[in-house]
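Student: coords please:
(one chain, ligands or ions: 2)
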Amino acid sequence: MVVYLGSTTMDMIDRIVQLMHRAKRCVVLTGAGVSAESGVPTFRGSEGLWGKFKPEELATVDAFLSNPKLVWEWYNWRRKIIGEVEPNPGHYALAEMETLFEHFVLITQNVDGLHRRAGSQDVLELHGNINRNKCLECASRFPDDIEINPDNIPVCPQCGGKIRPDVVWFGEMLDGNTINRAYDESAKADIFFSIGTSAIVHPAASLPVEAKRSEATLIEINVDKTPLSYAADFHIEEPSGQFLPILLEKYKEIAS
Ligand code: BV8
Ligand code: ZN
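Tutor: Residues are numbered from 1 along each chain as shown. Ligands and ions are numbered 1, 2, ... in the order given. Okay, here's the model as predicted:
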(Lines give C-alpha, C1' and ligand atoms only; values in the text may rest on other atoms or scores of the structure.)
(Ligands and ions follow the chains in the order given, each with its own letter.)
Protein backbone atom coordinates (compact mmCIF):
# COMPACT_ATOMS: atom_id res chain seq x y z
CA MET A 1 0.00 0.00 0.00
CA VAL A 2 1.53 3.31 -1.06
CA VAL A 3 1.27 5.94 1.65
CA TYR A 4 1.72 9.57 0.63
CA LEU A 5 3.09 11.61 3.53
CA GLY A 6 3.20 15.38 3.32
CA SER A 7 6.54 17.04 2.44
CA THR A 8 6.85 18.37 6.01
CA THR A 9 6.57 14.86 7.32
CA MET A 10 9.21 13.61 4.86
CA ASP A 11 11.56 16.38 6.02
CA MET A 12 10.80 15.55 9.65
CA ILE A 13 11.57 11.89 8.97
CA ASP A 14 15.09 12.78 7.80
CA ARG A 15 15.70 14.79 10.97
CA ILE A 16 14.24 12.08 13.22
CA VAL A 17 16.34 9.37 11.52
CA GLN A 18 19.50 11.43 12.10
CA LEU A 19 18.59 11.70 15.79
CA MET A 20 17.85 7.97 15.95
CA HIS A 21 21.29 7.18 14.56
CA ARG A 22 22.93 9.34 17.21
CA ALA A 23 20.84 7.89 20.09
CA LYS A 24 22.15 5.09 22.29
CA ARG A 25 19.07 4.72 24.52
CA CYS A 26 15.62 4.61 22.91
CA VAL A 27 12.38 4.39 24.94
CA VAL A 28 8.92 3.96 23.44
CA LEU A 29 5.59 4.47 25.24
CA THR A 30 2.52 3.09 23.47
CA GLY A 31 -1.21 3.36 24.03
CA ALA A 32 -4.36 1.96 22.48
CA GLY A 33 -3.72 3.84 19.21
CA VAL A 34 -0.97 1.41 18.14
CA SER A 35 -3.51 -1.44 18.24
CA ALA A 36 -6.25 0.52 16.46
CA GLU A 37 -5.08 -0.63 13.00
CA SER A 38 -5.27 -4.23 14.23
CA GLY A 39 -8.96 -3.66 14.85
CA VAL A 40 -8.83 -3.24 18.64
CA PRO A 41 -11.11 -0.33 19.64
CA THR A 42 -9.34 2.49 21.52
CA PHE A 43 -10.56 3.76 24.87
CA ARG A 44 -11.63 7.27 24.13
CA GLY A 45 -12.24 7.34 20.40
CA SER A 46 -15.81 7.53 19.03
CA GLU A 47 -15.95 3.73 18.59
CA GLY A 48 -14.09 3.55 21.90
CA LEU A 49 -14.34 0.73 24.37
CA TRP A 50 -15.78 3.23 26.75
CA GLY A 51 -18.46 4.14 24.19
CA LYS A 52 -21.32 2.64 26.15
CA PHE A 53 -19.73 3.12 29.56
CA LYS A 54 -17.33 5.44 31.40
CA PRO A 55 -13.93 4.04 32.44
CA GLU A 56 -14.97 4.56 36.08
CA GLU A 57 -18.02 2.36 35.48
CA LEU A 58 -16.05 -0.67 34.43
CA ALA A 59 -12.27 -0.62 35.01
CA THR A 60 -12.42 -0.17 38.83
CA VAL A 61 -12.53 -2.45 41.88
CA ASP A 62 -15.85 -0.86 42.94
CA ALA A 63 -17.41 -1.68 39.58
CA PHE A 64 -16.23 -5.27 39.93
CA LEU A 65 -17.50 -5.57 43.51
CA SER A 66 -20.89 -4.11 42.65
CA ASN A 67 -21.35 -5.82 39.28
CA PRO A 68 -18.77 -8.58 38.67
CA LYS A 69 -20.97 -10.13 35.95
CA LEU A 70 -21.01 -6.92 33.85
CA VAL A 71 -17.26 -6.39 34.28
CA TRP A 72 -16.48 -9.96 33.25
CA GLU A 73 -18.85 -9.68 30.25
CA TRP A 74 -16.88 -6.58 29.16
CA TYR A 75 -13.52 -8.31 29.56
CA ASN A 76 -14.71 -11.47 27.82
CA TRP A 77 -15.92 -9.28 24.92
CA ARG A 78 -12.49 -7.60 24.74
CA ARG A 79 -10.65 -10.94 25.05
CA LYS A 80 -12.69 -12.26 22.12
CA ILE A 81 -11.79 -9.22 19.93
CA ILE A 82 -8.11 -9.49 20.87
CA GLY A 83 -8.12 -13.24 20.21
CA GLU A 84 -9.27 -12.57 16.63
CA VAL A 85 -6.78 -9.83 15.67
CA GLU A 86 -3.15 -9.83 14.57
CA PRO A 87 -0.33 -7.40 15.33
CA ASN A 88 -0.17 -4.66 12.65
CA PRO A 89 2.92 -3.31 10.77
CA GLY A 90 3.39 -0.75 13.56
CA HIS A 91 3.86 -3.52 16.14
CA TYR A 92 6.34 -5.32 13.87
CA ALA A 93 8.26 -2.11 13.18
CA LEU A 94 8.64 -1.53 16.93
CA ALA A 95 9.85 -5.11 17.37
CA GLU A 96 12.51 -4.47 14.69
CA MET A 97 13.43 -1.08 16.21
CA GLU A 98 14.42 -2.93 19.39
CA THR A 99 17.35 -4.47 17.46
CA LEU A 100 18.69 -1.12 16.21
CA PHE A 101 19.71 0.53 19.47
CA GLU A 102 22.36 -0.17 22.10
CA HIS A 103 19.54 0.02 24.67
CA PHE A 104 15.81 -0.13 23.86
CA VAL A 105 12.72 -0.59 26.02
CA LEU A 106 9.05 -0.62 25.08
CA ILE A 107 6.66 0.62 27.76
CA THR A 108 3.02 -0.07 26.98
CA GLN A 109 -0.29 0.91 28.56
CA ASN A 110 -1.97 -1.72 26.42
CA VAL A 111 -3.12 -4.97 27.94
CA ASP A 112 -3.64 -6.79 24.60
CA GLY A 113 -0.25 -8.53 24.43
CA LEU A 114 0.19 -7.61 20.74
CA HIS A 115 3.74 -6.20 21.19
CA ARG A 116 5.06 -9.55 22.45
CA ARG A 117 3.14 -11.39 19.72
CA ALA A 118 4.92 -9.17 17.17
CA GLY A 119 8.29 -10.16 18.66
CA SER A 120 9.13 -7.30 21.05
CA GLN A 121 11.25 -8.73 23.86
CA ASP A 122 11.78 -6.08 26.53
CA VAL A 123 8.19 -4.94 27.16
CA LEU A 124 6.97 -3.22 30.33
CA GLU A 125 3.20 -3.81 30.61
CA LEU A 126 2.27 -0.91 32.89
CA HIS A 127 -1.42 -1.87 33.09
CA GLY A 128 -1.09 -5.66 33.14
CA ASN A 129 -2.35 -8.16 30.60
CA ILE A 130 -6.01 -8.87 29.78
CA ASN A 131 -5.34 -12.56 29.14
CA ARG A 132 -4.03 -13.21 32.64
CA ASN A 133 -6.25 -13.98 35.67
CA LYS A 134 -5.63 -13.40 39.38
CA CYS A 135 -7.45 -13.42 42.72
CA LEU A 136 -9.11 -10.15 43.75
CA GLU A 137 -8.18 -10.71 47.41
CA CYS A 138 -4.75 -12.35 47.55
CA ALA A 139 -3.59 -11.65 43.98
CA SER A 140 -2.54 -15.30 43.49
CA ARG A 141 -2.26 -16.15 39.83
CA PHE A 142 -5.08 -18.25 38.35
CA PRO A 143 -4.95 -20.35 35.14
CA ASP A 144 -5.17 -18.10 32.08
CA ASP A 145 -6.47 -20.68 29.66
CA ILE A 146 -9.99 -20.96 31.01
CA GLU A 147 -13.17 -19.26 29.84
CA ILE A 148 -14.62 -17.25 32.74
CA ASN A 149 -18.40 -17.59 33.03
CA PRO A 150 -19.75 -14.20 34.23
CA ASP A 151 -22.71 -16.03 35.82
CA ASN A 152 -20.45 -18.36 37.75
CA ILE A 153 -17.18 -16.55 38.43
CA PRO A 154 -14.51 -18.95 39.75
CA VAL A 155 -13.00 -18.37 43.18
CA CYS A 156 -9.42 -18.56 44.34
CA PRO A 157 -8.42 -22.03 45.64
CA GLN A 158 -6.11 -20.33 48.17
CA CYS A 159 -8.52 -17.86 49.81
CA GLY A 160 -11.93 -18.06 48.12
CA GLY A 161 -11.61 -14.57 46.61
CA LYS A 162 -13.27 -13.83 43.26
CA ILE A 163 -11.09 -14.25 40.15
CA ARG A 164 -10.51 -11.03 38.13
CA PRO A 165 -8.49 -10.04 35.07
CA ASP A 166 -4.84 -9.27 35.89
CA VAL A 167 -5.00 -5.63 34.75
CA VAL A 168 -4.50 -2.38 36.70
CA TRP A 169 -7.84 -0.69 37.36
CA PHE A 170 -8.37 3.03 37.98
CA GLY A 171 -7.43 3.87 41.55
CA GLU A 172 -5.11 0.87 41.76
CA MET A 173 -1.35 1.10 42.14
CA LEU A 174 0.80 -0.05 39.26
CA ASP A 175 3.34 -2.79 39.96
CA GLY A 176 6.16 -0.99 41.83
CA ASN A 177 9.10 -2.55 39.98
CA THR A 178 7.47 -1.96 36.60
CA ILE A 179 6.68 1.73 37.10
CA ASN A 180 10.03 2.41 38.81
CA ARG A 181 11.91 0.89 35.89
CA ALA A 182 9.72 2.83 33.46
CA TYR A 183 10.64 6.12 35.18
CA ASP A 184 14.31 5.16 35.32
CA GLU A 185 14.41 4.26 31.62
CA SER A 186 12.52 7.45 30.66
CA ALA A 187 14.94 9.62 32.64
CA LYS A 188 17.90 8.04 30.83
CA ALA A 189 16.44 8.06 27.33
CA ASP A 190 18.24 9.88 24.49
CA ILE A 191 15.15 9.61 22.32
CA PHE A 192 11.55 8.96 23.52
CA PHE A 193 8.62 8.05 21.27
CA SER A 194 5.05 8.54 22.59
CA ILE A 195 2.87 6.58 20.16
CA GLY A 196 -0.92 6.18 20.00
CA THR A 197 -1.75 7.48 23.45
CA SER A 198 -4.04 10.33 24.50
CA ALA A 199 -1.49 11.09 27.24
CA ILE A 200 -4.12 11.61 29.96
CA VAL A 201 -3.82 8.47 32.08
CA HIS A 202 -1.32 8.78 34.91
CA PRO A 203 1.29 7.82 35.92
CA ALA A 204 2.01 6.65 32.31
CA ALA A 205 1.42 10.16 30.94
CA SER A 206 4.22 11.56 33.11
CA LEU A 207 6.88 9.32 31.50
CA PRO A 208 7.36 11.43 28.34
CA VAL A 209 7.52 14.53 30.55
CA GLU A 210 10.24 12.82 32.60
CA ALA A 211 12.15 12.04 29.41
CA LYS A 212 11.84 15.62 28.15
CA ARG A 213 13.00 16.93 31.54
CA SER A 214 16.10 14.78 31.12
CA GLU A 215 16.89 16.33 27.72
CA ALA A 216 15.60 13.48 25.56
CA THR A 217 14.25 14.20 22.09
CA LEU A 218 10.49 13.68 22.37
CA ILE A 219 8.65 12.40 19.29
CA GLU A 220 4.86 11.98 19.33
CA ILE A 221 3.10 9.86 16.71
CA ASN A 222 -0.67 10.28 16.91
CA VAL A 223 -3.51 10.86 14.43
CA ASP A 224 -4.63 13.69 16.70
CA LYS A 225 -3.19 16.36 19.00
CA THR A 226 -2.81 15.51 22.69
CA PRO A 227 -1.86 17.46 25.84
CA LEU A 228 1.71 16.28 25.11
CA SER A 229 1.88 17.68 21.57
CA TYR A 230 3.03 21.14 22.72
CA ALA A 231 6.05 19.63 24.51
CA ALA A 232 7.08 17.26 21.71
CA ASP A 233 10.08 18.10 19.52
CA PHE A 234 8.23 16.39 16.67
CA HIS A 235 4.46 15.73 16.40
CA ILE A 236 3.80 13.33 13.52
CA GLU A 237 0.10 13.28 12.72
CA GLU A 238 -0.01 9.91 10.92
CA PRO A 239 -1.37 6.43 11.77
CA SER A 240 1.41 4.54 13.56
CA GLY A 241 0.85 1.34 11.55
CA GLN A 242 1.64 3.26 8.35
CA PHE A 243 4.27 5.69 9.62
CA LEU A 244 6.55 3.40 11.66
CA PRO A 245 7.47 1.06 8.75
CA ILE A 246 8.35 4.14 6.63
CA LEU A 247 10.50 5.57 9.44
CA LEU A 248 12.28 2.22 9.79
CA GLU A 249 12.92 1.97 6.02
CA LYS A 250 14.43 5.44 6.03
CA TYR A 251 16.57 4.56 9.08
CA LYS A 252 17.97 1.46 7.36
CA GLU A 253 18.54 3.37 4.08
CA ILE A 254 20.82 5.80 5.88
CA ALA A 255 22.43 3.05 7.97
CA SER A 256 23.52 1.15 4.87
C1 BV8 B 1 -3.30 5.39 40.09
C2 BV8 B 1 -6.18 -1.26 32.25
C3 BV8 B 1 -3.37 6.00 42.27
C4 BV8 B 1 -7.59 -1.69 32.45
C5 BV8 B 1 -6.12 1.16 32.34
C6 BV8 B 1 -6.93 13.35 37.84
C7 BV8 B 1 -5.72 13.78 37.30
C8 BV8 B 1 -4.67 12.91 37.09
C9 BV8 B 1 -4.80 11.57 37.44
C10 BV8 B 1 -5.99 11.14 37.96
C11 BV8 B 1 -7.05 12.02 38.17
N12 BV8 B 1 -8.07 11.30 38.67
C13 BV8 B 1 -7.69 10.02 38.83
C14 BV8 B 1 -6.42 9.90 38.40
C15 BV8 B 1 -5.60 8.71 38.38
C16 BV8 B 1 -5.98 7.81 37.22
C17 BV8 B 1 -5.98 8.57 35.91
O18 BV8 B 1 -4.95 8.85 35.36
N19 BV8 B 1 -7.20 8.92 35.44
C20 BV8 B 1 -7.30 9.64 34.18
C21 BV8 B 1 -8.51 9.13 33.40
C22 BV8 B 1 -7.41 11.12 34.49
N23 BV8 B 1 -4.95 6.81 37.16
C24 BV8 B 1 -5.08 5.69 37.89
O25 BV8 B 1 -6.05 5.43 38.56
C26 BV8 B 1 -3.87 4.77 37.88
N27 BV8 B 1 -3.57 4.43 39.23
O28 BV8 B 1 -3.17 6.55 39.80
O29 BV8 B 1 -3.22 4.94 41.34
C30 BV8 B 1 -2.94 5.55 43.54
C31 BV8 B 1 -1.89 6.23 44.14
C32 BV8 B 1 -1.52 5.85 45.37
C33 BV8 B 1 -2.16 4.78 45.98
C34 BV8 B 1 -3.19 4.09 45.36
C35 BV8 B 1 -3.59 4.47 44.11
C36 BV8 B 1 -4.18 3.49 37.14
C37 BV8 B 1 -4.37 3.81 35.68
C38 BV8 B 1 -4.52 2.51 34.89
C39 BV8 B 1 -5.95 2.34 34.48
N40 BV8 B 1 -6.04 1.14 33.63
N41 BV8 B 1 -6.19 0.05 31.61
C42 BV8 B 1 -8.21 -2.09 31.14
O43 BV8 B 1 -7.61 -1.90 30.07
O44 BV8 B 1 -9.35 -2.58 31.20
S45 BV8 B 1 -6.10 2.65 31.56
C46 BV8 B 1 -6.55 2.55 29.93
O47 BV8 B 1 -6.26 3.86 29.43
C48 BV8 B 1 -5.73 1.62 29.03
O49 BV8 B 1 -4.63 1.00 29.66
C50 BV8 B 1 -5.22 2.60 27.97
O51 BV8 B 1 -4.08 2.16 27.37
C52 BV8 B 1 -5.00 3.76 28.84
C53 BV8 B 1 -4.63 5.05 28.24
O54 BV8 B 1 -5.47 5.28 27.16
P55 BV8 B 1 -4.75 5.32 25.73
O56 BV8 B 1 -3.93 4.11 25.61
O57 BV8 B 1 -4.07 6.64 25.59
O58 BV8 B 1 -5.97 5.15 24.78
P59 BV8 B 1 -6.97 6.29 24.29
O60 BV8 B 1 -8.13 5.64 23.63
O61 BV8 B 1 -7.21 7.26 25.43
O62 BV8 B 1 -6.15 7.11 23.20
C63 BV8 B 1 -5.77 6.49 21.98
C64 BV8 B 1 -4.92 7.50 21.27
O65 BV8 B 1 -4.44 6.91 20.07
C66 BV8 B 1 -5.67 8.76 20.87
O67 BV8 B 1 -4.87 9.89 21.18
C68 BV8 B 1 -5.85 8.63 19.35
O69 BV8 B 1 -5.79 9.89 18.72
C70 BV8 B 1 -4.64 7.80 18.99
N71 BV8 B 1 -4.79 6.96 17.80
C72 BV8 B 1 -5.90 6.30 17.38
N73 BV8 B 1 -5.58 5.57 16.27
C74 BV8 B 1 -4.26 5.78 16.02
C75 BV8 B 1 -3.76 6.66 16.99
N76 BV8 B 1 -2.48 7.07 17.00
C77 BV8 B 1 -1.67 6.58 16.04
N78 BV8 B 1 -2.08 5.72 15.08
C79 BV8 B 1 -3.36 5.31 15.04
N80 BV8 B 1 -3.76 4.46 14.07
ZN1 ZN C 1 -6.93 -15.57 46.76
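Student: mind listing the helices for the stretch 1-150 of the chain?
Tutor: With helices called from DSSP state H, counting those that start in this stretch, the stretch 1-150 of the chain shows them at 7-22, 33-36, 55-58, 61-66, 68-84, 89-97, 114-117.
Student: now Ala182: how far from ligand 1?
Tutor: For Ala182, the distance to ligand 1 equals 13 Å [CB to the nearest ligand atom, to the nearest Å]. The way it works is simple: take the backbone N, C-alpha and C, and place the C-beta from them, glycine included.
Student: how about the residue nearest to that residue when sequence neighbours are not counted, what does it touch?
Tutor: Distances taken as CB to CB, 6 or more residues apart in numbering put Ile107 closest to Ala182, at 4.9 Å, once the chain neighbours are dropped. Contacts of Ile107 were listed using CB atoms under 8 Å, 6 or more residues apart in numbering, and they are Val27, Val28, Leu29, Thr30, Val123, Leu124, Leu126, Ala182, Glu185, Ser186, Ala204, Leu207.
Student: of the helices of the stretch 1-150 of the chain, which is nearest Leu247?
Tutor: Set against Leu247 and scored by CB to CB, the helices of the stretch 1-150 of the chain come closest in helix 7-22, at 6.0 Å.
Student: now the element after the helix or strand harbouring Glu185, going C-ward?
Tutor: According to DSSP states H and E, Glu185 maps onto helix 176-187. For helix 176-187, the following helix or strand on the C-terminal side (DSSP H and E) is strand 191-195.
Student: the next helix or strand after that next one close to ligand 1?
Tutor: Counting by DSSP H and E, the next helix or strand C-terminal to strand 191-195 is helix 207-213. No. Helix 207-213 is not in contact with ligand 1 by CB under 6 Å from any ligand atom; minimum separation 11.7 Å.
Student: thinking again about what came up before, buried only: go through the contacts of Ile107 for me.
Tutor: Buried members of the contacts of Ile107, scored by 16 or more other CB atoms under 10 Å, are Val27, Val28, Leu29, Thr30, Val123, Leu124, Leu126, Ala182, Glu185, Ser186, Ala204, Leu207.
Student: the fifth one and Arg117 touch, don't they?
Tutor: No. If you go by CB atoms under 8 Å, Val123 and Arg117 don't touch, sitting 10.5 Å apart.
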